[in-house]
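Visitor: Okay, here's the prediction I keep looking at, along with the sequence it came from:
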2 protein chains.
Amino acid sequence: MSDDRRLDVLRAIVEDYVSTQEPVGSRALVERHHLGVSPATIRNDMVALEDEGYITQPHTSAGRIPTDKGYRMFVDRLATVKALSQAERRAIETFLTGAVDVDDVVQRSVRVLAQLTNQVAIVQYPSLTRSTVRHIEVVALEGSRVLLVVITSSGRVEQRIIELVETPSEQLLADLRSRIAHASLGQRLPEASLRLADMIETFEPNDRPIVSSIVATLSQTFTNERSDERIAVGGAANLARFGSDFDTSIKPVLEAIEEQVVLLKLLGEATSGLTVRIGAETGNDNLLGTAVVSTSYGADEQALATLGTVGPTRMDYPATMAAVSAVARYVGRSLADT
Amino acid sequence: MSDDRRLDVLRAIVEDYVSTQEPVGSRALVERHHLGVSPATIRNDMVALEDEGYITQPHTSAGRIPTDKGYRMFVDRLATVKALSQAERRAIETFLTGAVDVDDVVQRSVRVLAQLTNQVAIVQYPSLTRSTVRHIEVVALEGSRVLLVVITSSGRVEQRIIELVETPSEQLLADLRSRIAHASLGQRLPEASLRLADMIETFEPNDRPIVSSIVATLSQTFTNERSDERIAVGGAANLARFGSDFDTSIKPVLEAIEEQVVLLKLLGEATSGLTVRIGAETGNDNLLGTAVVSTSYGADEQALATLGTVGPTRMDYPATMAAVSAVARYVGRSLADT
DNA sequence: GACTGGCACTTGCCCAAGGAGAGTGCCAAC
DNA sequence: GTTGGCACTCTCCTTGGGCAAGTGCCAGTC
């Protein structure tokens, strides 16, 4: 028995099952794929594949469907890369180029990804802690209030208004501006936070209360975990693909993707490359029938954040993976331009 | 036949149907509500109510269920206000008081509203056009780039970076700052936009290209429709309450609430008071089986935006209405403090 | 040794028939 | 106007038989 053909059979089963959503039998297999052998032969291969755990039968007299292990094998070794069509690429591009700010980029990319894959799309907002400081502004407002504005390399703007114990002099503010700029510009946010802390001691003792109050607020902004946790979700209507029984097949997924923590965990573990997690690999019991395709995005070497899709394990992996990569690429580029 | 009792019967039918989700028969009605008459009498009342279009039978041998008209009557004349429990009030309060910015307030209120009502909650971000200008900052960046920051009365911060044709002098910038502040502070955004436009002519002709470029960007920011369109949705898992058949009862709703335009239309028409729209009143064919409870929020006389819930017509109206009002009240208060 | 055709067997799905249960509508009586 | 009684209707659930799909295995072939 040729090992090659057995893998061909597995690939054929996955492809057929994905497109028909129905267990695939030996006869259908030889008819739709020119395998050059008879159904009986395929049946023998199927028995072997089943013994190895790649496929299974829902019930005795039905065809076979891939197991999670089968999908894994398919993704790892059998899937042929499917390039996006010219039209799809253009769709992403036109969709994203209209974006006016970071928020808009994220919203649009969720939409386009959901549309492209017919799945639930999730996009994490660009991480603060992985960006660098592009600009910091310290502005005196009325009274002793001060406005702090931070612009990051990902185009994100954070602002804080704080009430100081006393009104700072113009002199001090100017001094602060230049020293803050010097200490933090171009630095990663966590690092900038450290350097700002060191900077406090370079000021006159009299000025330190004001300085440290401002620095503290900035540091807090830089290392704000909550901002890192923002996520956009879209295409929930595509949950229909999971099956028609709401309570058993859809609700758990819906609950999982409404839980930020779960999503962050799913996205967070993505390495820089494209990651596919199938069934139990998601580490979440609510997602046993689902697969998550994710990748990080970011213009340069450093990843800014992650995006991906959640769909049933019986999804079109090549197409989904292509779409996720493509959107990530465009989003990274788009943010770099902002 | 007493008219009063007939309305009592209608109320009882609505209440029972809402709690059991099953057509309610005459026997069950007399048992659960001490109406003091026999099932046969109730049956006569039911015939009358059915003739008037308040209730209907799914099939001949089943009990009755309220029609949309029946729910409307219930909401308008029969529902008794149900105050929130102390615990619920405290839940809202503690949930919202931890919020650090506008974004956070909105996110949290969606969550708490969804949890409280067990329905899909939608919260519109505070409208820009209905806020006033609290602060405007014009900051020179490197080169001829300028950062504009606008803070509104609702605590929202908008920023733009623009590239000017030439680098403005410090002198001009200072002048700009004070005149912009004078023209716009405390004004409603659309109004501020107009006053800024008038201001351009008070500058030297030489400076006008720069000034008008800045003013144009500010105006655009003030009247940015897109920002008014932001909406947060939560509690989609509660869609389970709509029924168990995904395609017919849930998917349409899911599609509707993913469509920003639809949501905005639903929320946008809410007057300052609490609005309940039932079935066809939503004006959306996808929402025929659903009811929308919404109200505007905002600290002072002027409404900032709208929030509400989407649920099946067979919902607990008194509880939902109470929750929506309460959350709106707390959100308004919470934003005023920011 | 690998492949093939044939065939008995298993099993889920569909459909029709029948019984149970719930609720109504109506009528005669109060 | 209200009530008890009763025949009627309709859905839901269960049961059982036929159907179709697909398998597993075996003996035969290249």
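Guide: Thanks, I have the structure now.

Visitor: from here on, contacts and neighbour counts on C-alpha atoms
Guide: Fine.

Visitor: Can you give me the pLDDT of A:Val139?
Guide: A:Val139 carries a pLDDT value of 78.

Visitor: which residues does it form a beta bridge with?
Guide: Assessed by DSSP bridges, A:Val139 has beta-bridge partners A:Leu147.

Visitor: Correct me if wrong: it contacts A:Val146.
Guide: Yes: at 5.6 Å, A:Val139 counts as touching A:Val146 under the criterion of CA atoms under 8 Å.

Visitor: per-residue confidence at the closest residue to A:Thr221 other than its chain neighbours?
Guide: The shortest distance from A:Thr221 to any non-neighbouring residue, by CA to CA, 6 or more residues apart in numbering or on different chains, is to A:Glu158 (7.5 Å). pLDDT recorded at A:Glu158 is 80.

Visitor: Does A:Glu158 touch A:Glu137 like I think?
Guide: No: judged on CA under 8 Å, A:Glu158 makes no contact with A:Glu137 at a distance of 10.5 Å.

Visitor: what do the two both touch?
Guide: A:149-150 (CA atoms under 8 Å, 6 or more residues apart in numbering or on different chains).

Visitor: Spell out which residues of the stretch 101-250 of chain A are next to chain B.
Guide: Proximity of the stretch 101-250 of chain A to chain B (CA under 8 Å from any CA of the partner chain) is limited to residues A:137, A:139, A:157, A:159, A:234-237, A:240, A:244-247.

Visitor: Check those residues for burial and list the buried ones.
Guide: Listed as buried from those are A:137, A:139, A:157, A:159, A:234-237, A:240, A:244, A:246; burial here means 16 or more other CA atoms under 10 Å in any protein chain shown.

Visitor: buried sites along stretch A:167-174?
Guide: A:168, A:173.

Visitor: Pull that stretch out as CSV, backbone CA atoms only.
Guide: Output in CSV follows, covering the C-alpha atoms of stretch A:167-174 (Å, rounded to 0.1, in the frame of the first residue of the first chain):
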residue,chain,number,x,y,z
THR,A,167,0.7,75.6,38.7
PRO,A,168,4.0,75.0,36.9
SER,A,169,5.9,77.9,35.4
GLU,A,170,6.3,78.2,31.7
GLN,A,171,10.0,77.8,32.2
LEU,A,172,9.5,74.5,34.0
LEU,A,173,7.1,73.2,31.3
ALA,A,174,9.5,74.1,28.5
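
Visitor: so where's the stretch 101-250 of chain A uncertain?
Guide: A:142, A:225-228, A:244 (pLDDT under 70).

Visitor: Strands of that one, start to end?
Guide: Secondary structure of the stretch 101-250 of chain A (DSSP state E, counting those that start in this stretch): strands located at A:120-124, A:133-140, A:145-152, A:157-163, A:231-234.

Visitor: thinking in terms of the whole chain, how far from its middle is the fourth one?
Guide: A distance of 28 Å separates the C-alpha centroid of strand A:157-163 from that of its chain, computed with CA atoms, centre = their mean, to the nearest Å.

Visitor: Parallel or antiparallel, which strands does that strand pair with?
Guide: Per DSSP bridges, strand A:157-163 is paired in its sheet with strand A:145-152 (antiparallel).

Visitor: does chain B sit close to the top helix by length along chain A?
Guide: If you go by DSSP state H, chain A has its longest helix at helix A:317-337. No: judged by CA under 8 Å from any CA, helix A:317-337 and chain B are separated, with a smallest distance of 12.3 Å.

Visitor: Around DNA strand D, pick out the residues from the stretch 151-300 of chain A.
Guide: By the criterion of CA under 7 Å from any atom of the strand, no position of the stretch 151-300 of chain A is found lying close to DNA strand D.

Visitor: Tell me where the stretch 151-300 of chain A has helices.
Guide: Ranges of helices within the stretch 151-300 of chain A are A:170-184, A:189-199, A:208-222, A:225-228, A:251-258, A:260-268, based on DSSP state H, counting those that start in this stretch.

Visitor: Can you name the residues in contact with the last one?
Guide: Right, helix A:260-268. Against helix A:260-268 from outside (CA under 8 Å, 6+ apart): A:124, A:229-231, A:256-257, A:282, A:292, A:294-295, A:306-308.

Visitor: Then the fifth one?
Guide: For helix A:251-258, the surrounding residues in contact (CA under 8 Å, 6+ apart) are A:233, A:236, A:262-263, A:286-287, B:234-237, B:240.

Visitor: For DNA strand D, state which of those is nearest.
Guide: Of all the contacts of helix A:251-258, DNA strand D sits closest to B:Ala240, with 18.6 Å by CA to the nearest atom of the strand.
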